[in-house]
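# Return a 3D structure for these sequence lines:
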Amino acid sequence: MRIHSYIGMLAIMLSSPLAHHVQAASPKPPRSHAITIDDFFDIGQMQNVAISPDGKHAVWLESRWDKALDKAQSDLWLINTQDKQTQRLTFSHENESSPAWSHDSRFIYFLSSQQKEEAKAPFNGKNQVFRIALNNFAIQPITAEDLGVNAFQLSADSKSLYFLGNKQSVDTDIWADMRASHATPQYAHGKRDTNPLKVLSLSSFKQRTLIDDDKVVWEFNVNGSGSKIARITTSDNELIFLEGWSDIEVYDVKTASNTVLDDQLWRQNAPSPYGWLLGLDWHQDNQQLAFRIDFDGYPGKLFIANTQLSTPILEVKPVGKTTFQGGDIQWRPKSNEICYLGAQVARTKLLCSQINKGTVGNTRNVLAGDTVVGSYSFNASGKQVAFSHNGLNHFHDLFIADADHRRSQFKRLSNINPQVDSWQLPQISLVSWQAPDGTTVEGILELPYGYKAGNGKLPLVVQIHGGPTSATPYSLQHRSYGRTTFAANGWALLSPNYRGSTGYGDKFLTDLIGNEHQIEVADIMAGVDKLIADGIIDGDKMAVMGWSNGGYLTNALISTTDRFKAASSGAGVFDQRLQWMLEDTPGHVLNFMQGLPWEQPQAYDKASSLTYANKITTPTLIHIGEKDHRVPVGHAQGLYRSLKHYLNVPVELIVYPGEGHGLSHYQHRKAKMEWDKKWFEHYVLKQEPI
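Reported below is the predicted structural model:
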């Protein structure tokens, strides 16, 4: 859509009911709607919450499925935090991202890729920075980069815009000329997309290149005075370099010099050298830099470096059984608190730790009660925090709270999915059981709306989360991977947070290292047996499903037990050697196998479902993206070949064209959900597909 079309359409939309999510208070409708697969595609997802510096407004990205476009579409929405009036700000067919406020709360900056017929920047289909004026909602392009913009940040006074551009660099090794003279083949290396850092004056609109050192920059952050710039860099943009060969660099603008932070704490002294650096944020003193690192299979870490002093880098350790979650770390304005998200027993908490003169003080839980926080943002004073939260009877919505107090009560501002108020919601509860070794394991249990003890035993779907360094949240989820859909059709659904899940302590997480395909399989089956013993489910009517690591564990379960009547394996590893050879992040395998294939051959055998494939008897549905680089299509093909051509087990292989590790097309998501439903109904409930 052309940019000049926005204003007229915006005026129409602002006067229509579509522009307002929150209407006058009215009685909630009765819960009369039985949830369907189609309801999944009507859910709005909320991300990237950003409160204005003055606290009077907040914006977020709202993503919804668009059947005509065959994809999910993200747009910017605005809310007045006083009267709760909500307005949609963008209407393009492309996804907006990265909303940020100017310091005076007058403008909202964001990334978007727009295209006009002449295909010239800023309308060349590449990401550019745009801004919206709050007084009249006019949209203006700010950058015009031929190769687009990767990321941006406003200066503290909003007078300058820093952004990462794109540039193709060519290696100059002894084979460079040969590669150039035979340019038709694709080479595994030799060219890199690097990211010069540029700065644009927002008064004169003149720009200059600040740093161009032929490095790949994955993230950057400029301190408040503009004197120092932190970057996460690698020498190549292949993902494997970010996994274990990345650096944090601090560029001094005045001297034009670059310092690489000592990485001993997160390389040599870490449980694994294959860590993912993420999250950069400067304190208002312009010297303290906070950053995170995550590891597959091991607890992540949070560090603070004082770039002015020659003191050791400070590690902020989580309290209790908390596991750091994601890279969204922020210094709370006007304070010495570093804030972050933490996984705690199937919840996601907003936590802040006090930093006092090189030491870590108290850590507080900012919000009271059960929360599953998605994103958060402080106003300029640091006294208000806006955040998205996913509860038991609503999906992610915008809330606001007093950020000064411990365990503050919070107020709901939005209702972006009012249709949910009439849904017959599943009964969601936490269940726990004892693993064979005595460890307490927990999971999320969904039962059908209105189900009561004594109504009879239910068929069961075991739905397994990915990661495995992740967890299923204690919240309402309507997902294409099983949650809500099956409970709405009379099934019980168990989502186990097996060994290796986050939020249950370091030992619970690391128990999985060297024990994949064993300890978590035993954890899951112990939970199934507990539900059978409690009389909730029928042990002769069970199915299992999962995606990514959930697909891997689906393969593990059907290759070690014949108790499931049907399975849906999505993007699941079948052979660990193949996974190390082909996936884009092989450090994942190295961590769990505790070495390379030629160093730990028995570990690779033990953790591969291929080793036990002759034991599979479960009718299995296999889903995979054609261009999945995380779990390449060879795994699905190997499982299919084993079952179809050698073991005579009912099997269907579905390869989604053009898809990666997730399904991004409307039709593909719907196909997956309908295939799972029909497959389970046929092989578990003995219903004929219609």
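# May I see the buried residues of the helix ranked longest in the chain?
Longest helix in the chain by number of residues, with DSSP state H as the criterion: helix 666-683. By neighbour count on 16 or more other Cβ atoms under 10 Å, the buried set for helix 666-683 is 666, 668-673, 675-677, 679-683. Glycine gets a C-beta too; all of them are placed from N, C-alpha and C.
# chain center to it, what's the gap?
In terms of Cα atoms, centre = their mean, to the nearest Å, the centre of helix 666-683 is found 24 Å from the chain centre.
# same thing with stretch 175-187?
Chain-centre distance of stretch 175-187: 37 Å, with Cα atoms, centre = their mean.
# Then stretch 530-538?
Worked out by Cα atoms, centre = their mean, stretch 530-538 lies 33 Å from the chain centre.
# Check the separation of the first and last residues in it.
12 Å (Cα to Cα, to the nearest Å).
# Next one: Lys672 from Tyr481, what distance?
8 Å (Cβ to Cβ, to the nearest Å).
# Likewise for Pro619?
In terms of Cβ to Cβ, Pro619 sits 19 Å off from Tyr481.
# Next: His396.
17 Å.
# These two: which has the busier surroundings?
Between His396 and Tyr481, His396 has the larger neighbour count (other Cβ atoms under 10 Å), namely 27 against 24.
# Need the overlap of contacts for Lys672 and Tyr481.
Gly570 (Cβ atoms under 8 Å, 6 or more residues apart in numbering).
# I'd like to know which helix or strand in this protein has the lowest mean pLDDT.
Using mean pLDDT, DSSP states H and E, helix 5-14 stands out as the lowest-scoring helix or strand of the chain, at a mean of 31.
# Tell me where the stretch 551-690 of the chain is predicted with low confidence.
Within the stretch 551-690 of the chain, no stretch falls below the threshold (pLDDT under 70).
# Please enumerate the helices of it.
Applying DSSP state H, counting those that start in this stretch to the stretch 551-690 of the chain gives helices spanning 576-582, 587-593, 601-606, 634-641, 666-683.
# those strands in the stretch 501-650 of the chain, which residues are they?
Ranges of strands within the stretch 501-650 of the chain are 537-547, 566-570, 620-625, based on DSSP state E, counting those that start in this stretch.
# Distance to Ala401 and mean neighbour count added to those, as TSV?
As requested, these are exported to TSV (distance: least, Cβ to Cβ, whole Å; neighbours: other Cβ atoms under 10 Å):
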stretch	distance to Ala401	mean neighbour count
strand 537-547	33	23
strand 566-570	37	29
strand 620-625	39	26
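# ok, residues contacting stretch 242-262?
Residues from elsewhere that reach stretch 242-262, judged by Cβ under 8 Å, 6+ apart: 210-211, 213, 218, 226-235, 263, 273-277, 280, 289, 291, 305, 307, 313, 585-587.
# Among these, the buried ones, what's the PyMOL command?
To isolate the buried members of the contacts of stretch 242-262 in PyMOL, using 16+ other Cβ under 10 Å:
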select buried, resi 210+211+218+226+227+228+229+230+231+232+233+234+263+273+274+275+276+277+280+289+291+305+307+313+585+586+587
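# The contacts of stretch 242-262 in helices, which ones?
Gly587.
# low pLDDT regions in this structure?
In the chain, residues with pLDDT under 70: 1-26.
# One more pass at 50, please.
1-25 (pLDDT under 50).
# of all the strands of the stretch 501-650 of the chain, which lies closest to Lys191?
strand 620-625 (25.0 Å; Cβ to Cβ).
# Counting neighbours, which bits of stretch 248-266 end up buried?
Result for stretch 248-266 [16+ other Cβ under 10 Å]: buried residues 248-251, 253, 258, 261, 263, 265-266.
# Same check on stretch 288-306?
288-306.
# helices or strands next to the longest helix of the chain in the packing?
With contacts defined as 3 or more Cβ pairs under 8 Å, 6 or more residues apart in numbering; DSSP states H and E, helix 666-683 has these neighbours: helix 37-40, strand 57-66, strand 537-547, strand 566-570, strand 620-625, strand 651-656.
# need the contact list for Gly467.
Contacts of Gly467 by Cβ under 8 Å, 6+ apart are 500-502, 548-549.
# Pull the most distant pair out of these.
Going by Cβ to Cβ, the pair spanning the contacts of Gly467 furthest: Thr502 and Ser548, at 14.9 Å.
# and these two? which has more neighbours close in?
Thr502 (26 against 23).
# For the more buried one, give its distance to Pro27.
For Thr502, the distance to Pro27 equals 40 Å [Cβ to Cβ].
# Gly300 is in contact with Leu277, correct?
No. Between Leu277 and Gly300 there is no contact under Cβ atoms under 8 Å: 10.6 Å.
# if I look at those two, which residues touch both of them?
The contact lists of Leu277 and Gly300 share 292-293, where a contact means Cβ under 8 Å, 6+ apart.
# one step back: could I get the buried residues of stretch 248-266 as TSV with distance to Trp433?
What follows is the buried residues of stretch 248-266, written out as TSV (distance: Cβ to Cβ, whole Å):
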residue	distance to Trp433
Ile248	42
Glu249	48
Val250	48
Tyr251	52
Val253	57
Asn258	53
Leu261	44
Asp263	41
Leu265	37
Trp266	35
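# which element is the residue nearest the centre of the chain on?
Centroid check for the chain by Cα atoms, centre = their mean gives Gly326 as the closest residue, at 7.8 Å. Under DSSP states H and E, no helix or strand contains Gly326.
# List the residues that contact the spatially closest residue to it that is not a sequence neighbour.
Residue nearest to Gly326 in three dimensions, not counting chain neighbours: Leu341, with 5.5 Å by Cβ to Cβ, 6 or more residues apart in numbering. The contact partners of Leu341, by Cβ under 8 Å, 6+ apart, come to 324-326, 328, 348-351, 373, 376.
# now those in a markdown table, with secondary structure and distance to Phe123?
Output for the contacts of Leu341, formatted as a markdown table (DSSP: H, G, I helix; E, B strand; the rest coil; distance: Cβ to Cβ, whole Å):
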| residue | secondary structure | distance to Phe123 |
| --- | --- | --- |
| Phe324 | strand | 40 |
| Gln325 | coil | 37 |
| Gly326 | coil | 33 |
| Asp328 | coil | 31 |
| Thr348 | strand | 38 |
| Lys349 | strand | 42 |
| Leu350 | strand | 39 |
| Leu351 | strand | 42 |
| Val373 | strand | 36 |
| Tyr376 | strand | 33 |
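# did I read that right, Leu265 in a helix?
Yes. The assignment for Leu265 by DSSP: H, G, I helix; E, B strand; the rest coil puts it in a helix.
# Am I right that it is in contact with Leu302?
No. Using Cβ under 8 Å, Leu265 makes no contact with Leu302, being 11.0 Å away.
# any residues in contact with both of these two?
Joint contacts of Leu265 and Leu302 (Cβ under 8 Å, 6+ apart) are Glu315.
# Helices of the stretch 351-500 of the chain, start to end?
Secondary structure of the stretch 351-500 of the chain (DSSP H, counting those that start in this stretch): no helices located.
# So the residue located most distally from the centre of the chain versus Ala188, what's the distance?
Largest separation from the mean C-alpha position in the chain: Ser181, at 41.6 Å (Cα atoms, centre = their mean). Plainly put, Ser181 is 17 Å away from Ala188 if you go by Cβ to Cβ.
# outside of stretch 27-46, which residues touch it?
60-65, 67, 72, 374-375, 388, 395-398, 414, 416-417, 419, 421-425, 449, 478-480, 484-485, 488, 666, 669-670, 673-674, 677.
# in that stretch, what counts as buried?
33, 35, 37, 39-41, 43-46.
# I'd like the distance from Lys530 to Thr184, if you could.
As judged by Cβ to Cβ, Lys530 and Thr184 stand 60 Å apart.
# The two: which is more packed in?
Lys530 (18 against 4).
# residue contacts, the residue nearest to the more buried one when sequence neighbours are not counted?
Leaving out its chain neighbours, the residue that sits closest to Lys530 by Cβ to Cβ, 6+ apart is Trp433, at 4.0 Å. Contacts for Trp433 (Cβ under 8 Å, 6+ apart) come out as 440-441, 526-527, 529-530.
# Can I get the strands of the stretch 501-650 of the chain in JSON lines including distance to Lys56?
Formatted as JSON lines, these follow (distance: least, Cβ to Cβ, whole Å):
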{"stretch": "strand 537-547", "distance to Lys56": "41"}
{"stretch": "strand 566-570", "distance to Lys56": "44"}
{"stretch": "strand 620-625", "distance to Lys56": "43"}
